[in-house]
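**Q** got a sequence here, can you model it:
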Amino acid sequence: MLVKSYAAALQGISATVVTIEVNCTKGIQFFLVGLPDVAVRESHERIISALQVSGYKFPRNRIVINMAPADIRKEGSAYDLPLAVGILAAAEELDVSLLDKFLLMGELSLDGSLLPIKGALSIAIKARESGFKGFILPKQNAREAAVVNDLDVYGATNIKEVIEFMNGNQIMQPTIVDTRKEFYEQQDFFDYDFSDVRGQENVKRALEVAAAGGHNLIMVGPPGSGKSMLAKRLPSILPPFTLRESLETTKIHSVAGKISGDTSLMVQRPFRSPHHTISTVAMVGGGSFPQPGEISLAQNGILFLDELPEFNRSVLEVMRQPLEDRKISISRARFTVDYPASFMLIASMNPCPCGYYNHPERPCLCTPGAVQKYMNRISGPLLDRIDIQIEIVPVPFEKISEQRPSESSALVRKRVVKARAIQQKRFVDCNDIYCNAQMTTRLLHKYAVPDETGLLLLKNAMQRLHLSARAYDRILKVSRTIADLDGSSDIHSSHLAEAINYRNLDRENWGT
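**A** Got it, this is the predicted structure:
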């Protein structure tokens with residue numbers, strides 16, 4: 001008997017429906033075709049054991065299974081469940097009336113229990129688009145997939161439950177998630193708050209500007225000055241997720257297997273902080289079976305690189321193109337996968353090898369030229385993509401011992417949200433542009449034009465501070481954001497002056 005069950009294959013962060021055709025005839029052989037990898041071919045032994053333990057017999061027939069389309073490679077053990085169900089249906093031990101209404105995915109343990117899979121959200125979205133009535137998958141992934149409306153999502157703990165459900169002998173309740181309620185209830189809970197930070201008002205202001213315009217930022221300062229502490233508090237002042245952004249980010253983390261069983265949607269922007277020993281593939285994504293890297297896991301959030309000069313030069317250089325294009329393409333002989341990579345880059349570093357260059361109290365012990373050599377570990381093209389460069393100094397004892405709390409993240413966040421609303425209205429007719437940091441040259445000439453006084457100030461600053469020509473556009477973008485924070489439609493000299501101050505670490509005059 002020939003039957004069909006349905007599964008899905010992940011390609012990037014999207015899914016493709018896979019039709020599993022099972023033909024059961026007289027004989028004793030077993031064939032599995034359709035470009036399966038080793039893990040899929042090994043499903044034969046897992047299915048036999050799972051069915052035996054669950055009280056079912058593996059058919060003693062000639063079984064031919066084709067996984068279509070045959071030109072897409074099928075990877076992983078998540079095809080165990082649809083393969084097992086298809087085999088039983090072809091052997092006439094399972095009712096076939098519901099097979100074309102459900103998409104099935106799940107890895108089988110030897111005792112018949114179902115183990116979690118990756119990419120449940122992407123597969124659920126594809127199931128709804130393809131017109132399936134429901135999606136049956138391991139219970140651990142049920143809440144993640146139940147985010148998709150107009151689709152019945154059933155979480156099963158073992159294969160016996162699925163077989164009994166398909167035969168009509170057991171009722172399974174679909175998993176229901178009130179997506180909007182959970183999404184909006186948990187958006188304002190953060191582990192870190194700006195009110196904990198004493199002093200560093202200029203750095204907190206720079207972080208506010210960066211959050212308001214989506215600008216990349218680097219902090220340069222001696223050990224213990226609070227660089228990492230401030231970076232960890234940046235998510236608390238970023239605008240809340242929109243449902244679109246949350247869904248997009250959750251899909252990436254789902255494909256990477258980073259979603260816990262009790263999570264439906266990610267409600268807070270990601271904060272990724274990889275160690276400086278990270279490899280190029282782990283940073284941008286890829287591998288034999290391509291997976292999203294750290295730059296994609298930071299989608300719509302923050303990628304924090306602590307001790308920036310300690311990262312491998314090739315790791316930093318490979319980030320240049322994603323910082324501009326906000327996506328990364330992973331190419332292989334048979335296919336190309338695109339992962340989104342729209343994130344804020346926040347970096348920190350010591351000013352020199354000993355860490356005390358420009359320290360107000362401790363002397364720098366580095367040899368002549370060591371500071372410039374240390375800064376040269378970061379290439380000019382990469383530094384060019386960082387809009388705000390801020391120097392940070394240690395907080396004096398008087399500030400540390402203050403009992404009066406600083407301004408809370410909630411108050412700063414209100415100003416950031418207000419500025420972002422201005423930008424959304426400004427770019428409403430621009431595709432894929434949501435904040436000032438993403439402005440093209442054409443938009444820059446339209447929305448960030450200073451007056452004559454501002455142009456003169458900018459000219460004098462570039463000559464006096466020896467700023468490079470590449471700093472020009474960055475200063476205009478940042479000044480546009482500062483004007484938005486002030487609620488001003490025009491860029492004034494004060495806005496430009498503040499933006500110029502955020503370029504005081506330009507490589508041409510730093511460490512000389």
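
**Q** how is the protein carved up into domains?
**A** Here the domain parsing of the chain from automatic domain parsing is 2-166, 185-396+403-501.

**Q** tell me which of those sits most buried.
**A** Comparing the domains of the chain by mean neighbour count (mean count of other C-beta atoms under 10 Å), domain 2-166 ranks first with a mean of 20. For every residue, glycine as well, the C-beta is placed using N, CA and C.

**Q** which residues touch the residue most central in space within the chain?
**A** Centroid-nearest residue in the chain: residue 297, 2.6 Å away (criterion: C-alpha atoms, centre = their mean). Residue 297 is in contact with 252-253, 256, 258, 270, 272, counting by C-beta atoms under 8 Å, 6 or more residues apart in numbering.

**Q** make CSV out of those and add secondary structure.
**A** Below are these laid out as CSV (DSSP: H, G, I helix; E, B strand; the rest coil):
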residue, secondary structure
252, helix
253, helix
256, coil
258, coil
270, coil
272, strand
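
**Q** let's have those in JSON lines, adding pLDDT.
**A** JSON lines is the format used below for the contacts of residue 297 (pLDDT from 0 to 100):
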{"residue": "252", "pLDDT": "94"}
{"residue": "253", "pLDDT": "93"}
{"residue": "256", "pLDDT": "90"}
{"residue": "258", "pLDDT": "88"}
{"residue": "270", "pLDDT": "94"}
{"residue": "272", "pLDDT": "96"}
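
**Q** out of these, which is nearest to residue 340?
**A** Residue 340 has its nearest neighbour among the contacts of residue 297 in residue 252, at 7.1 Å by C-beta to C-beta.

**Q** for residue 168, see how far away that closest one is.
**A** Note on residue 252: its distance to residue 168, by C-beta to C-beta, to the nearest Å, is 38 Å.

**Q** would you map the helices across the stretch 251-400 of the chain?
**A** Along the stretch 251-400 of the chain, the stretches classed as helices by DSSP state H, counting those that start in this stretch are 280-284, 294-297, 313-317, 320-325, 370-375, 380-384, 397-400.

**Q** so can I have CSV of these showing mean pLDDT and distance to residue 38?
**A** Formatted as CSV, these follow (pLDDT from 0 to 100; distance: least, C-beta to C-beta, whole Å):
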stretch, mean pLDDT, distance to residue 38
helix 280-284, 93, 21
helix 294-297, 95, 26
helix 313-317, 93, 30
helix 320-325, 89, 31
helix 370-375, 86, 47
helix 380-384, 82, 39
helix 397-400, 61, 58
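
**Q** just tell me which of the ones you listed ends up closest to residue 418.
**A** With C-beta to C-beta as the criterion, residue 418 lies closest to helix 320-325 of the helices of the stretch 251-400 of the chain, at 26.5 Å.

**Q** contacts for the closest one, please.
**A** Helix 320-325 has contacts (C-beta under 8 Å, 6+ apart) with 216, 284, 295, 328, 341, 345, 381-382, 385.

**Q** one more time with 7 Å
**A** If you take C-beta atoms under 7 Å, 6 or more residues apart in numbering as the criterion, helix 320-325 is touched by 284, 295, 328, 341, 345, 381-382, 385.

**Q** what's the longest strand anywhere in the chain packed up against?
**A** Longest strand in the chain, counting residues (DSSP state E): strand 14-25. Helices and strands touching strand 14-25, by 3 or more C-beta pairs under 7 Å, 6 or more residues apart in numbering; DSSP states H and E, are strand 2-11, strand 62-68, helix 80-90, helix 120-129.
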